[in-house]
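S.K.: the following block contains a protein sequence and its predicted model.
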Amino acid sequence: MRKVFRIYGLTALILVMTATTAYAANQESTAYATSGGYDANSSYIDGQGQFGRIKFNSSGGGWGFYEQTCSGSGTIYGPALYIPADGGSINELVAMPSNCKFKLHITSGKYFPVSGTIQNYE
């Protein structure tokens, strides 16, 4: 009888441990660069092992890129994405592995600010 309770207890413990695997919560961070060619950075967000999104927009020019810092492999930078001088927006999907942190870097145009967001979900 005691063996049966041990087996059921151990089975319940294993089920609880595997069912409560922690995942990063949905996160987003914003940045705002005032006009005049100024830079701004978002805070770091954690990857979730799925696609995330970077978005930024301006009424008149600007550019940005993302930074990816992974445990054990250092920092890499995403491609530079440009908003034309007559304005527009960028909306890109980015693969975000769960062992990495991500940050958005943006730069404003001469006459208009740029606002941007990075999020670890679609």
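M.R.: Arrived safely. Numbers count the residues shown, from 1 in each chain.

S.K.: quick one, what contacts the residue lying closest to Thr30 once chain neighbours are set aside?
M.R.: Leaving aside its chain neighbours, Thr30 sits nearest to Thr117 (4.9 Å; criterion: Cβ to Cβ, 6 or more residues apart in numbering). The C-beta positions use only the backbone N, C-alpha and C, and glycine is treated the same way. Contacts were defined as Cβ atoms under 8 Å, 6 or more residues apart in numbering; by that measure Thr117 touches Glu28, Ser29, Thr30, Ala31, Ser42, Arg53, Ile54, Lys55, Phe56, Leu104.

S.K.: Thr117 bridge partners, please.
M.R.: Under DSSP bridges, the beta-bridge partners of Thr117 are Thr30, Lys55.

S.K.: from the contacts of Thr117, which two are the most distant?
M.R.: Greatest spacing in the contacts of Thr117, by Cβ to Cβ: Ala31 and Arg53 (14.2 Å).

S.K.: and these two? which has more neighbours close in?
M.R.: Per other Cβ atoms under 10 Å, whichever of Ala31 and Arg53 has more neighbours is Ala31, with 20 against 16.

S.K.: what's the spacing between stretch 71-81 and its chain's center?
M.R.: Distance, stretch centre to chain centre, for stretch 71-81: 12 Å (Cα atoms, centre = their mean, to the nearest Å).
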